[in-house]
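S.K.: coords please:
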Amino acid sequence: MLIPLNLFSRLLITIFVFALTACVTDKPAPSSAPKSALQLYVFNCGKIEVLDISVFQPGIDKGKHKMLTDSCYLVVHPKGTLMWDTGLPDALSQKSEGMTFMNSFVMHMPVTLASQLKEIGYTPESIDKLGISHMHGDHIGNAGLFPKAQLLMQKEEYAAAFGTEPGKYGFDPTSYPSLKANPVMTLESDYDVFGDGTVVIKRMVGHTPGHQALFLKLPKTGNILLSGDLAHYTDNWEHKRVPSFNFNKEQSIKSMEDTAQLLKDNHAVLWIQHDLEQNSGIKHSPAFYE
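M.R.: Down below sits the predicted model:
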């Protein structure tokens, strides 16, 4: 999340780079074709200009501007499909100038998620599973597109999002009105999505009560961790800085430390979902990693 959702929901209502180019396939496979190997598609799910970046690093660079990206992903496995995060709402694509909020953020959705899925031969209704890193508005903006997908979420995140006081955690049910109707599996730890160790949800709490990341073992590309909001850009990751609006600072730091060890142990790279500079070195759909 880029700002506390109890503020962001009002917008929704009214709205070293790791370039792994060697293992990218430039031509998408039709969704009807059987998949014999794991594939990862990267989508452009919005951009956010931050007019005061110090909200992400208290006391540092007050008043400085920074552009962040908003990435979401489709994992295609021989046993099914997993959508990981859903970005800013597609409705923002109708505003070419973007949407300014609280004189602090300018949000853009240059191309819809629905159209990006269609380009590679998928409909939202065809997606089997929906993994949400956390319930902030820039990660669940298009969650309603996937009514049949099984929702995979840590139990604390689910309880906070659908409990009696979601605003206490910066969540607003008006920004995900249909999501509770999805089939759901609540998690209490890491979860092996397809049962073979190649797609694993990692419990990494702190940014929100039940924040999670996604670990992938791609046979040709190598091992990748999709960050959620463990960190919003590389400098904050390297210095283990915690945004002012995180749910729990100590848990956030521990999750970053655990992630650093995970990356080391598995010779993996971290893809920071909001890091515009890192993201520029990553191939986007209709190309894919495998």
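S.K.: can you give me the helices for this structure?
M.R.: Along the chain, the stretches classed as helices by DSSP state H are 5-13, 113-119, 155-162, 234-239, 249-266, 276-279.
S.K.: any idea how far the third one is from the chain center?
M.R.: In terms of Cα atoms, centre = their mean, to the nearest Å, the centre of helix 155-162 is set 17 Å apart from its chain centre.
S.K.: likewise the last one?
M.R.: Using Cα atoms, centre = their mean, the mean C-alpha position of helix 276-279 is found 14 Å from that of the whole chain.
S.K.: list the buried residues for that helix?
M.R.: Leu276, Gln278, Asn279 (16 or more other Cβ atoms under 10 Å). No exception for glycine: its C-beta is placed from N, CA and C like everyone else's.
S.K.: you'd agree the second one is up against Trp237?
M.R.: When you say that, I think you mean Gln278. No: look at Gln278 against Trp237 with Cβ atoms under 8 Å: they stay out of range, at 9.7 Å.
S.K.: overlap in contacts of the two?
M.R.: Residues touching both Gln278 and Trp237 by Cβ atoms under 8 Å, 6 or more residues apart in numbering: Ile272.
S.K.: give me the pLDDT for Pro4.
M.R.: With respect to pLDDT, Pro4 scores 49.
S.K.: ok, the one 3 residues further on next?
M.R.: What the model reports for Leu7 is a pLDDT of 45.
S.K.: same thing with Val24?
M.R.: 42.
S.K.: ok, now the one 5 residues further on?
M.R.: In the predicted model, Ala29 carries a pLDDT score of 44.
S.K.: cool, and Phe101?
M.R.: 72.
S.K.: start the count at 320 instead of 1 going forward.
M.R.: New numbering, starting at 320: the last item is Phe420.
S.K.: surely it touches His427?
M.R.: No: between Phe420 and His427 there is no contact under Cβ under 8 Å: 11.9 Å.
S.K.: starting at the chain centroid, how far to stretch 584-596?
M.R.: The chain centre lies 12 Å from the centre of stretch 584-596; the measure is Cα atoms, centre = their mean.
S.K.: show the end-to-end separation of that stretch, please.
M.R.: 25 Å (Cα to Cα, to the nearest Å).
S.K.: now do the buried residues in that stretch.
M.R.: Buried-residue list, stretch 584-596, by 16+ other Cβ under 10 Å: Ala587, Leu589, Trp590, Ile591, Gln592, His593, Asp594, Leu595.
S.K.: one more: stretch 491-502?
M.R.: Neighbour-count burial for stretch 491-502, counted by 16+ other Cβ under 10 Å, picks out Asp491, Ser494, Tyr495, Leu498, Asn501.
S.K.: turn those into JSON lines, including distance to His551.
M.R.: Shown next, in JSON lines, are the buried residues of stretch 491-502 (distance: Cβ to Cβ, whole Å):
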{"residue": "Asp491", "distance to His551": "21"}
{"residue": "Ser494", "distance to His551": "20"}
{"residue": "Tyr495", "distance to His551": "21"}
{"residue": "Leu498", "distance to His551": "24"}
{"residue": "Asn501", "distance to His551": "27"}
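S.K.: pLDDT and distance to Lys521 for those residues - can I get that in CSV?
M.R.: CSV is the format used below for the buried residues of stretch 491-502 (pLDDT from 0 to 100; distance: Cβ to Cβ, whole Å):
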residue, pLDDT, distance to Lys521
Asp491, 84, 26
Ser494, 89, 25
Tyr495, 95, 22
Leu498, 97, 22
Asn501, 98, 21
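S.K.: if we can go back for a sec, wait, which of the helices of the chain is closest to Gly529?
M.R.: Between Gly529 and the helices of the chain, the tightest spacing by Cβ to Cβ is seen for helix 474-481, at 2.8 Å.
S.K.: distance to Gly547 added to the helices of the chain, as TSV?
M.R.: TSV is the format used below for those (distance: least, Cβ to Cβ, whole Å):
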stretch	distance to Gly547
helix 324-332	15
helix 432-438	17
helix 474-481	11
helix 553-558	12
helix 568-585	10
helix 595-598	14
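S.K.: much appreciated, bye for now.
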